[in-house]
Each structure stands twice: as structure tokens, then as C-alpha cells.
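[1] 3D model of this:
(one chain, ligands or ions: 1)
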Amino acid sequence: MIRVGIVGAAGYAGGELIRLLVGHDGVALTTLVSRTHAGKPVSQVYPGYYGYDLPHFREISMTNLAYECDLVFIAAPSGAAWPLMKDLVSMKPGIKIIDIGSDLRLKDPSLYRKWYGYEHGAPELLSQSVYGLSELHADEIKDARLVANPGCYPTATILAFAPLVRYGMVSMDSIVVNALSGVSGAGRTPGLGYHFPECNENMRAYGLLCHRHVPEIEQELAAIARTGGWDDAVNLSFTPHLVPLNRGILVTAYADLGNDLSGDSCLRDVNRDLGISLDTPGLTEIYRSFYKGKRFVRILPPDEVPQTKAVAGSNYCDIGVRVDERTGRVLVMAAIDNLVKGAAGQAIQNMNLMFGEPEDKGLNLAPFWP
Ligand SMILES: NC(=O)c1ccc[n+]([C@@H]2O[C@H](COP(=O)([O-])OP(=O)(O)OC[C@H]3O[C@@H](n4cnc5c(N)ncnc54)[C@H](OP(=O)(O)O)[C@@H]3O)[C@@H](O)[C@H]2O)c1
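    Model (predicted):
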């Protein structure tokens, strides 16, 4: 059994980890940390756990975590995780950590000051960690001790664009992303903007031109492009919106297709290599071949669209692509459950990889509908 601890276990991402891990038969949940609810049974915070055999919430103690756990999930706010990880690693160098927040995601420490407004106090951890987008980095994750679990918007956006940037099919500075998120994306801590009468029957953009997920998406898409031999920087326009759902992220994004659909372009190379035409059915086939064997990424046929309800409660990322021959642009759509593929589910997928378990263990979750 993998002995697992969760810091931030009473928050939404931590709570979702509990939900999924009680169904994982290779895990013993040893340590559930909540500073606010220390001493209480889990069912006092999440009533659905009445009758479950779970440890009570506890105060945070690095000694307990180091002693009791093989792996610790940290589901704390940005800037709160790096001091904990620094202490844990120095106390028990072999411990495995998956940070569900952002403190391991950016490779350049100076970006934390610019985008997050704090100084990263343990930059040495950044170079030791692996970006945990399971479908794209499984081999590195298998050998990792520290994993940066991707953000929810980055998960959907990077999976949506990975084939396009890998094959150099789009102009890297032309990517425009509109993304919608349900309210659980903001966490359990109350705030006026997330108060029911304020956000129900309402939709609004936020984080304009400065959302913290921009550098993460640019960093990872540029890295994928480099593996295909494309060195252009990725410049992203990204606008998130809050919508009145509990769970769910829907990304609708556009980019200019490469130079010339008929000319001597990378598009023609892909076309030649894969032997398919670059219309919507052809691009759909390219996506299917790129994600072959990745059971949590579902490439939808051209007559269907990704929708949040079709992935709710599951670890799926549904993707749909269209070639707009009139404008020379590609339209990509992706839907995930922010708390599952966007947080806890992907974290468990990464844990499975790190411990040599089947990647989908404990994640055989059909979406709930309605
Ligand atoms: N919600 C999502 O959809 C989602 C998706 C992907 C990633 N994430 C990331 O996951 C992390 C947690 O998000 P969330 O939505 O679960 O937030 P949340 O519901 O507000 O929970 C965060 C928890 O962190 C704990 N915490 C706060 N400050 C801490 C500190 N200094 N040290 C230790 N624990 C501390 C708090 O627990 P106690 O006061 O009880 O200790 C709180 O319950 C964030 O970094 C977030 O960006 C969230």
C-alpha cells in the first residue's frame, strides 16, 4: 500500500483527492491535514463521509508527514507549498510530493514575482520537479520525486494544442484562448464574487491579460514545440470567465494555421507523413494518432462538441477540432472537470505512474449525468 498524506485536505482539491482515493485499493490514507479543522472527523466537514473509516483531520506536522507517508499531496494556495516542500525534502529526501498548486510549475523562478506576486524561496526544487501532465510526460513522471500537477486551465489548453504545436501546424504567436470555469475552481474559501446571488445567473471575465496560468501554458506549449524542432516563442492571449456551474472547464481556442495550406509548409509535411488531408476529419485523425493509447483523452468526432457535463466527475479530457478553411484558422475545444482531470484525478494518475501502478488505477470513473 502507498501511504498517502494530504495537506489542504479540507479544501476542494484535497476533498476531491479523498473522494477518489477511498476508491483506490492500493492506497492507505494515513494523514489528512487541516489547520482549521484539526481534530474533527472528515464527515464534519464533508457530510458524505459519514460511516467511512478515515483518519481525523490533523494539525500540520512535517515530522508526522515524513514518518507516516510515502507520498504527500499538497493542495494549498500558491506560495504556501514551497516552504512545506523544502522542509519535507530536507527531513526525508526520498519522499515523493505532488504539488496540486503552482509552486513547482514554472521553471524560471523570476516568473513567480511577476505573475504570482511572491518570491519563490526554494528555486532548487523547480529544477528537480517534473511537469505532471500525465499524457505528455509519463516517462519522466515515473522517475520523479517531485511533480508539479498542472493547473486546471493549462491542462485543458495544453492538451488541446499539443498536437498543433508539436507538428508546427499553427503560428505560435496567434493562439487565442477563451476559457470558462465553474465556481469550485476558486476553492472553498468564501469570497463575495463567489457568493450565490453574485455568481448564479451571471457570467464574467476575470484575470484580464494577467492570469497566472498564462506563463505555465506558454512554457509548456513552447517545450512541446521544441520537441518537434520549432523554436518560436508561444505568445498566448488568454481570457478566463467565471460561469455558474459547480464543476467544469470549457476551453474554446483559435490559432492561425501554418503558412499556407497548399504551399510548402509544415502542414504539407504532416499531411505527407500521416497521409491524411488537412480538413476537419483529417485533423481529427491527427489528434487521434497523437493521443493513441491515452485513455483519458477522448477526441470527439466532427459532429460532436466537448461539453462539461460529459466529463463531470471523471478524469476525461474531451477535445474537438475544426479546420476553418474560410479564415485559415483552427478551432479547438476542450472540456474537463476542474477538480478531477484539472486537479485530483490527474494527481492520482501521476501517483500511479510514480509508483509503477496502472495509470488508471482508482480512476475508472464514468461521468455523472445529469
Ligand atoms: N479548485 C480547483 O479546481 C483547483 C484545480 C487545480 C488546482 N488547484 C490548486 O489547488 C490548491 C488548492 O485549491 P482549492 O481549490 O482546494 O482551495 P481551497 O478549497 O481554498 O483549499 C485550500 C486549503 O489549503 C489550506 N491552506 C491554506 N493556507 C495554508 C498553508 N499556509 N499551509 C497549509 N495549508 C494551507 C487550507 O486548509 P486549512 O485551513 O484547513 O489547513 C485550505 O482548506 C491551490 O493551489 C489551487 O490553485 C485548484
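[2] so residue 167 is in contact with residue 287, correct?
    No. The criterion here is CB atoms under 8 Å, and residue 167 misses it with residue 287 at 10.6 Å. To be clear about C-beta, it is placed using only N, CA and C from the backbone, and glycine gets the same treatment.
[3] which residues of the stretch 51-200 of the chain lie near the ligand?
    For the stretch 51-200 of the chain, the residues found near the ligand under the criterion CB under 6 Å from any ligand atom are 60, 75-78, 80, 100-102, 151-152, 184-185, 187-189.
[4] those in helices, which ones?
    The members of these that map onto helices under DSSP state H are residue 152.
[5] quick check: ChimeraX command selecting the buried ones in the residues of the stretch 51-200 of the chain next to the ligand.
    To isolate the buried members of these in ChimeraX, using 16 or more other CB atoms under 10 Å:
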select :75,76,78,100,101,102,151,152,184,185
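[6] what residues sit buried inside the helix or strand where residue 124 lies?
    Element membership of residue 124 [criterion: DSSP states H and E] is helix 123-128. Across helix 123-128, burial judged by 16+ other CB under 10 Å covers 125, 126.
[7] the stretch 251-370 of the chain: helices as residue ranges?
    Using DSSP state H, counting those that start in this stretch, the helices of the stretch 251-370 of the chain run over 266-274, 280-290, 345-354.
[8] mind checking pLDDT for residue 267?
    Note on residue 267: pLDDT of 54.
[9] let me fix that: residue 258
    On pLDDT, residue 258 comes in at 73.
[10] is it true that it touches residue 172?
    No. Look at residue 258 against residue 172 with CB under 8 Å: they stay out of range, at 10.0 Å.
[11] what is the burial count for residue 241?
    Using other CB atoms under 10 Å, the number of residues around residue 241 comes to 14.
[12] give the closest residue to residue 65 in space, chain neighbours not counted.
    Closest residue to residue 65 apart from its sequence neighbours, by CB to CB, 6 or more residues apart in numbering: residue 5 at 5.0 Å.
[13] is it true that that neighbour lies in a strand?
    Yes. Counting by DSSP: H, G, I helix; E, B strand; the rest coil, residue 5 is found in a strand.
[14] so what's it up against?
    Neighbour list for residue 5: 29, 30, 31, 32, 33, 64, 65, 68, 69, 71, 72, 73 [criterion: CB atoms under 8 Å, 6 or more residues apart in numbering].
[15] show the contacting residues for the first one.
    Residues in contact with residue 29, defined by CB under 8 Å, 6+ apart, are 4, 5, 6, 18, 21, 22, 54, 55.
[16] check the secondary structure at it for me.
    Classified using three-state DSSP, residue 29 is strand.
[17] all strands for this structure, in order.
    Here the chain has its strands, by DSSP state E, at 2-7, 27-33, 57-58, 71-74, 96-99, 129-131, 146-148, 175-181, 204-205, 236-242, 249-256, 297-299, 317-324, 329-336.
[18] in TSV, list these along with distance to residue 159.
    As requested, these are exported to TSV (distance: least, CB to CB, whole Å):
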stretch	distance to residue 159
strand 2-7	25
strand 27-33	25
strand 57-58	34
strand 71-74	21
strand 96-99	18
strand 129-131	13
strand 146-148	16
strand 175-181	12
strand 204-205	22
strand 236-242	15
strand 249-256	9
strand 297-299	6
strand 317-324	5
strand 329-336	6
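[19] tell me which of those sits nearest to residue 194.
    Ranking the strands of the chain by distance to residue 194, with CB to CB as the measure, places strand 236-242 first at 7.9 Å.
[20] check whether that closest one contacts the ligand.
    No. Using CB under 6 Å from any ligand atom, strand 236-242 never reaches the ligand; the gap is at least 12.0 Å.
[21] against residue 221, how distant is the single nearest residue of the chain relative to the ligand?
    Nearest residue of the chain to the ligand, counting by CB to the nearest ligand atom: residue 11, 2.0 Å away. Using CB to CB, to the nearest Å, one gets 28 Å for the distance from residue 11 to residue 221.
[22] cool, residue 10 as well?
    Separation of residue 10 from residue 221 (CB to CB): 34 Å.
[23] now do stretch 292-308: distance to the chain's middle.
    The chain centroid and the centroid of stretch 292-308 are separated by 17 Å under CA atoms, centre = their mean, to the nearest Å.
[24] quick check: closest non-adjacent residue to residue 319.
    residue 334 (4.9 Å).
[25] pLDDT wise, what is the nearest residue to residue 369 once chain neighbours are set aside at?
    Counting by CB to CB, 6+ apart, residue 309 is the residue found nearest to residue 369 once chain neighbours are left out, at 5.7 Å. pLDDT, residue 309: 98.
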